[in-house]
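J.: Here you go, sequence then predicted model.
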Amino acid sequence: MTNNKTDLVRIEDIAFKRGERSVFANLSLLIPRGKVTAILGSSGAGKTTILNLIGGRIAPEAGHVYVDNQDVHQLSTNGLYALRKRMGMLFQSGALLTDLNVFDNVAFPVREHTRLPESLIRHLVLLKLELVGLRGARGLMPSELSGGMARRVALARAIVLDPMMVMYDEPFAGLDPISMGVIVKLIRELNDVLSMTSVIVTHDVHEACSIADYVYLVGNGKVIAEGDAETMLNADTAEVKQFMSGLPDGPVPFHYPAKDLSDDFMKAKL
Amino acid sequence: MTRYISLVGRKAIGTVERSGRAGLFLYDVLAGCMPLMRRPGLVVQQLYMIGVLSFIIIVVSGLFVGMVLGFQGYNILRDYGTESALGLMAAKTLTRELGPVVAALLFTGRACSALTAEIGLMKATEQLASMEMMAVNPFMRVLAPRFLAGFIAMPLLAGLFTAVGIFGAHLIGVELLGVDVGVFWNQMQSGTDFYDDILNGFIKSVVFGVVVTWIALFEGYEAVPTSAGVSQATTRTVVYASLAILGLDFIMTALMFGEI
């Protein structure tokens, strides 16, 4: 399908259902190595499902997901865990372990997967915390952090093992403008400094487009459009335009499907 | 009628499916226990959380139950002129039944409900999912240490409850109501059988420990990841675990003492 050396993730013709509802019918997309790729889509379009498929947390009903040329859903448990050690994931909520402080949260994957001495772990953790600007907050508990700080700590944890790829699930959701600016800058800088591949799943168009090298727009179980950020922002297709410009009505209707308004009122039981 | 049959069918299939999931869950938890041999610290930490922190409620409850046994036992035995057997009666009642059963019920309310809420919230806040994505098996890291801690703590707490209960019966029977202290302890020592009383009570407490901890962890792991879902799961833990304790107690009592 493509040159395996250029694409770190290949999603090929996947179908996925949640209960009776089809989320994806025949979805294919490529995530290039070393780039920041944004996957945009409205809420419920299945963006997070794509990350869960890439991470092997759920399996598709048909099709394949390849990460670094390994078919994720054909791997043994040990193989999958070995692959996950080379991936980082930033959850929307941060998903910090609430009984550990900032330092121990970042140190958690290192302690679980290596036998490095504590002195070395300390250096490693402080370096990563310095990268996200929170070296001074290492003694705080997750309950003492703001939403933006929690996400930065989670980001430090996601990169502490120097992964080849980091997946970001709605990294900009619910942040104040300053925190959002910090996260936007960090995603781009970390990607370049650490030579990683980044996958951002979001519905925040402008933040994503400001740092993404390539953008996918997903909806109705398929890729609606793809291209670099500028192409996507200037697209004149009605569906793309509505989403990229945030228009309230268009191919995606403002109203949830319902019967005729007059029918609804006239036949109402008093 | 068809709807009724279909509803019953759906319920039955749901129950069988859930039982199957609970079995697979236990298998995964047991598999997660093996690697813990190299990391005993994780179990010790949980032993503190669910065992040591249950200490106070077990001691206080044991003392009160023992004191009530002292009053009731004395009044009943006095009618037959056998109040000297108070120590024996208290010891047998506590080792065989009240120790394991009441301690397990208290353990369910104090520790198991907290376990369910903790695991349910870890699921709701994506902590378990984040562990999986960090290539850390949550069955080994989170669930197995709690399961082993419940398995170890329950018999110890039941033993503690029994010991304190006997002390409570002694306080009332000997110190307050005047039963002879020598007779109290002597009757207990000669009449209590290691296999019939102590071992059977111990077996009961081990079985309760496994079952209630299993229920608590499974309900937490299966909880719908919302505040209402976690709340319902916690309630289910207390209800199912309490019923399981009482039901299993009947079955084990019938098997252990049925022929007497």
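T.: Right, received. Where do you want to start?
J.: use CA for all of it now, contacts and neighbours both
T.: OK.
J.: tell me which residues in the strand or helix carrying A:Gly181 are buried?
T.: Using DSSP states H and E, A:Gly181 sits within helix A:177-193. Buried residues in helix A:177-193, counted by 16 or more other CA atoms under 10 Å in any protein chain shown: A:179-180, A:182-184, A:186-188, A:190-191.
J.: what element comes up after it heading to the C-terminus?
T.: Sequence order places strand A:197-202 as the next helix or strand after helix A:177-193, per DSSP H and E.
J.: so how far is the next helix or strand after that following strand from its chain's centroid?
T.: Sequence-wise, the next helix or strand downstream of strand A:197-202 (DSSP H and E) is helix A:205-211. Computed by CA atoms, centre = their mean, to the nearest Å, the separation of helix A:205-211 from the middle of its chain amounts to 13 Å.
J.: Name the residues that touch the helix holding A:Gly181?
T.: A:34-36, A:132, A:148-149, A:152, A:171-172, A:196-198, A:207-208, A:211 (CA atoms under 8 Å, 6 or more residues apart in numbering or on different chains).
J.: ok, now stretch A:130-144?
T.: Against stretch A:130-144 from outside (CA under 8 Å, 6+ apart): A:96-103, A:126-127, A:129, A:149-150, A:152-153, A:155-156, A:186.
J.: what's the neighbour count on B:Ala91?
T.: 29 (other CA atoms under 10 Å in any protein chain shown).
J.: so what's it up against?
T.: Contacts for B:Ala91 (CA under 8 Å, 6+ apart) come out as B:162, B:166, B:188, B:192.
J.: Would you mind measuring from it to A:Ala15?
T.: Between B:Ala91 and A:Ala15 the computed distance is 65 Å (CA to CA, to the nearest Å).
J.: cool, and B:Leu36?
T.: 39 Å.
J.: neighbour-wise, which of those two wins?
T.: A:Ala15 (20 against 17).
J.: Show me which residues of chain A sit near chain B.
T.: A:55, A:81-82, A:84-85, A:87-89, A:91, A:93, A:95-97, A:109, A:112, A:158 (CA under 8 Å from any CA of the partner chain).
J.: Report the buried members of those residues.
T.: Buried subset of the residues of chain A next to chain B (neighbour count, 16+ other CA under 10 Å): A:55, A:81, A:84-85, A:87-89, A:91, A:93, A:95-97, A:109, A:158.
J.: Could you find the lowest-pLDDT member of the residues you listed?
T.: Across these, the smallest pLDDT goes to A:Ser93, namely 85.
J.: what helix or strand does A:Gly63 sit in?
T.: strand A:62-67.
J.: The next helix or strand after that strand pairs with which strands, parallel or anti?
T.: Later in the chain than strand A:62-67, the nearest helix or strand by DSSP H and E is strand A:70-71. When pairing is defined by DSSP bridges, strand A:70-71 lines up against strand A:62-67 (antiparallel).
J.: who in chain B is up against chain A?
T.: So far as CA under 8 Å from any CA goes, chain B lies against chain A at B:125-127, B:130, B:133-136.
J.: can you redo those residues as JSON lines with secondary structure?
T.: Output for the residues of chain B next to chain A, formatted as JSON lines (DSSP: H, G, I helix; E, B strand; the rest coil):
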{"residue": "B:Thr125", "secondary structure": "coil"}
{"residue": "B:Glu126", "secondary structure": "coil"}
{"residue": "B:Gln127", "secondary structure": "helix"}
{"residue": "B:Ser130", "secondary structure": "helix"}
{"residue": "B:Met133", "secondary structure": "helix"}
{"residue": "B:Met134", "secondary structure": "coil"}
{"residue": "B:Ala135", "secondary structure": "coil"}
{"residue": "B:Val136", "secondary structure": "coil"}
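J.: what two of these are the furthest from one another?
T.: Spanning the widest gap among the residues of chain B next to chain A are B:Thr125 and B:Ala135, at 17.7 Å by CA to CA.
J.: Provide the secondary structure category for the residue most central in space within chain B.
T.: With distances taken as CA atoms, centre = their mean, B:Ala104 lies nearest the centre of chain B, 2.6 Å away. Put simply, B:Ala104 is helix when judged by three-state DSSP.
J.: how about the nearest residue to it, chain neighbours excluded?
T.: B:Phe208 (6.4 Å; CA to CA, 6 or more residues apart in numbering or on different chains).
J.: and A:Tyr216, backbone torsions?
T.: phi -110, psi 140 (degrees, to the nearest 10).
J.: okay but B:Gly229 is in contact with B:Glu222, surely?
T.: No. Using CA atoms under 8 Å, B:Gly229 is not in contact with B:Glu222; the gap is 9.3 Å.
J.: where does the stretch 151-270 of chain A dip in pLDDT?
T.: A:249-250, A:252-255, A:268-270 (pLDDT under 70).
J.: show me what contacts the one residue in it that gets nearest to chain B?
T.: Relative to chain B, the nearest point of the stretch 151-270 of chain A is A:Ala158 (8.0 Å; CA to the nearest CA). By CA under 8 Å, 6+ apart, the contact set of A:Ala158 is A:87-90, A:106, A:166, B:134.
J.: again with A:Phe24
T.: Taking CA under 8 Å, 6+ apart, one finds A:14-17, A:46, A:220-222 in contact with A:Phe24.
J.: What of A:Pro251?
T.: Contacts of A:Pro251 by CA under 8 Å, 6+ apart are A:238-239, A:242.
J.: Between the residues you listed, which sits nearest A:His73?
T.: Distances from A:His73 to the contacts of A:Pro251, taken by CA to CA, are shortest for A:Glu239, at 32.5 Å.
J.: Excluding sequence neighbours, find me the nearest residue to that closest one.
T.: Using CA to CA, 6+ apart and skipping residues adjacent in sequence, the residue nearest A:Glu239 is A:Pro251, 5.7 Å away.
J.: that's a helix at that neighbour, yeah?
T.: No. Applying three-state DSSP, one finds A:Pro251 to be coil, outside a helix.
J.: doesn't B:Ala153 make contact with the residue nearest to B:Ala104?
T.: No. Between B:Phe208 and B:Ala153 there is no contact under CA under 8 Å: 10.8 Å.
J.: Mind checking which of those two has more residues around it?
T.: Between B:Phe208 and B:Ala153, B:Phe208 has the larger neighbour count (other CA under 10 Å), namely 30 against 23.
J.: Assumed the more buried one was part of a helix.
T.: Yes. Per three-state DSSP, B:Phe208 lies within a helix segment.
J.: Give me the local confidence score for it.
T.: 97.
J.: what sits against it?
T.: So B:Phe208 contacts B:100, B:104, B:154, B:245, B:248 (CA under 8 Å, 6+ apart).
J.: Can I get stretch A:224-236 in PDB, CA atoms only?
T.: Listed next in PDB are the C-alpha coordinates belonging to stretch A:224-236 (Å, rounded to 0.1, in the frame of the first residue of the first chain):
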ATOM      1  CA  ILE A 224     -13.800  13.000   4.700                       C
ATOM      2  CA  ALA A 225     -10.700  14.900   3.700                       C
ATOM      3  CA  GLU A 226      -7.000  15.000   4.200                       C
ATOM      4  CA  GLY A 227      -4.100  17.300   3.400                       C
ATOM      5  CA  ASP A 228      -1.700  19.800   4.900                       C
ATOM      6  CA  ALA A 229      -3.100  22.300   7.300                       C
ATOM      7  CA  GLU A 230      -3.300  25.100   4.800                       C
ATOM      8  CA  THR A 231      -5.100  23.000   2.200                       C
ATOM      9  CA  MET A 232      -7.600  21.900   4.800                       C
ATOM     10  CA  LEU A 233      -8.300  25.400   6.100                       C
ATOM     11  CA  ASN A 234      -8.900  26.700   2.500                       C
ATOM     12  CA  ALA A 235     -10.900  23.700   1.300                       C
ATOM     13  CA  ASP A 236     -14.100  24.700  -0.400                       C
END
